[in-house]
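J.: 3D model of this:
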Amino acid sequence: MTGPVDDPARWKLTLLPSPKRLSRARVFGLCGGHPVGEAESRGPSMPHWWPGGQPTALTHPTQKRLSVRMASGDAIPGFWNRSSGGFGGAVGWRLVDGALELIDLHPAQGWDHTIAMGAGGGAFAGCGERKAKKGERTGDTALFWKPDGTMVELPPAEAGGESSASATDGSWVVGTVGQTGGQRAALWPADGSRVIVLGDERSLSEASWVADEEQVGVRWTHKGSAPALWRGSAVSFVDLTPRGHESGYASGCARGHQVGHVQVQANTASGSGSMATKAALWRGDAASFVDLHACVPAPWNASSAAAVEVRDGLLRIVGTVTQFSTTDELTPRETQYLVANRAALWDTRLD
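T.: Reported below is the predicted structural model:
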């Protein structure tokens, strides 16, 4: 079944201006319908959002080293970093009467650091590490913050194991369980009463987003990475890799739509990872793939989609367009390097 989303001529692509003196920008999500991401030049990245299509910096009264992640609805998740290096504390912003209000999510006691990675339904999700006692080893714990700021610890798959949350819709939380290098995609109810392991035992996986009873992310095997879709259980797994492509990643979902990126070839001739990604849209299976990069003009030769929402009859997708260059192409010395990237917004009207 085809519709307006399948026709590249029905899509409008808007390349958003980068902040002054910051030549590179990446987008992670949407807050109040406006893209949210980070911009940089040669120094540390700086969090921004684009109300009315214009970049506006996100600030904190006492912290300068800020990061933001997957915004959704009317909330932006983030964290501050220590000047000495390493994570500091989780923060968030909520859109109230057209203005952003800052929320400090970091617990007053007991935690070395916390970060907020996703927002939805007025809530936040992320992870943290407790302060270790002498001789004690600690690891990441998945965390959920209710709209009132109350923090809930989410259980690992096994006692003493690690976990990390990446996104929430306010009722459900997704992320991973297990240590890095052995992690599996996971789903929790927001009350933290149980954990559902979505990833199978034969591969590595992670869940990056949850909305409307769907979860998306990636599954890694010896063949590469596959954009993944689940619907509440491991047996519901759907590989979204379209025909003619080697790899991909699904980063967002809403109203039966999934977005991310795909690659025809995952690696260059030298064996390094390729930067040649294409922003992708699906509706539940690999055959529904829509190549959003078909809308992207030169010189931008790569793109990725980060988040999707339906608002005011429009299907809206945010992401990043990239220009990269290649030296010694198609030889064992092939190297790709970043030239520039810009925040991007795709939209089409749903008939």
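
J.: P51 is in contact with H34, isn't it?
T.: Yes: the pair P51 / H34 is scored as a contact, 4.7 Å apart, by Cβ atoms under 8 Å. Just so you know, the C-beta spots here come from the backbone N, C-alpha and C atoms, and that holds for glycine as well.

J.: what about the two, which has more around it?
T.: Between P51 and H34, counted using other Cβ atoms under 10 Å, the more crowded position is H34 (20 against 17).

J.: Which strand residues bridge the more buried one?
T.: Under DSSP bridges, the beta-bridge partners of H34 are C31.

J.: which secondary structure elements does the helix or strand that E206 is a member of contact?
T.: Applying DSSP states H and E as the criterion places E206 in strand 204-211. With contacts taken as 3 or more Cβ pairs under 8 Å, 6 or more residues apart in numbering; DSSP states H and E, strand 204-211 sits against strand 111-120, strand 163-168, strand 172-177, strand 184-189, strand 214-221, strand 224-230, strand 247-254.

J.: Give the buried residues for the first one.
T.: Just to be clear, that refers to strand 111-120. Within strand 111-120, the residues scored as buried using 16 or more other Cβ atoms under 10 Å are W111, H113, T114, I115, A116, M117, G118, A119, G120.

J.: Check the offset of that strand from the chain's centre.
T.: Centre-to-centre, strand 111-120 and its host chain are 14 Å apart (Cα atoms, centre = their mean, to the nearest Å).

J.: Also compute the angle for it relative to strand 163-168, please.
T.: Between strand 111-120 and strand 163-168, the angle comes out at 30 degrees (axes from the mean of the first three to the mean of the last three Cα atoms, to 10 degrees).

J.: Against which helices or strands is strand 111-120 packed?
T.: Checking 3+ Cβ pairs under 8 Å, 6+ apart, strand 111-120 ends up next to strand 75-81, strand 87-96, strand 123-130, strand 163-168, strand 204-211.

J.: re the thing from before, tell me which of the helices and strands packed on strand 204-211 lies nearest to T141.
T.: Closest approach to T141 among these is made by strand 163-168 (6.1 Å; Cβ to Cβ).

J.: ok, the closest one: who's next to it in the sheet?
T.: Paired with strand 163-168 in the same sheet, following DSSP bridges, are strand 172-177 (antiparallel).

J.: Fine by me, thanks again.
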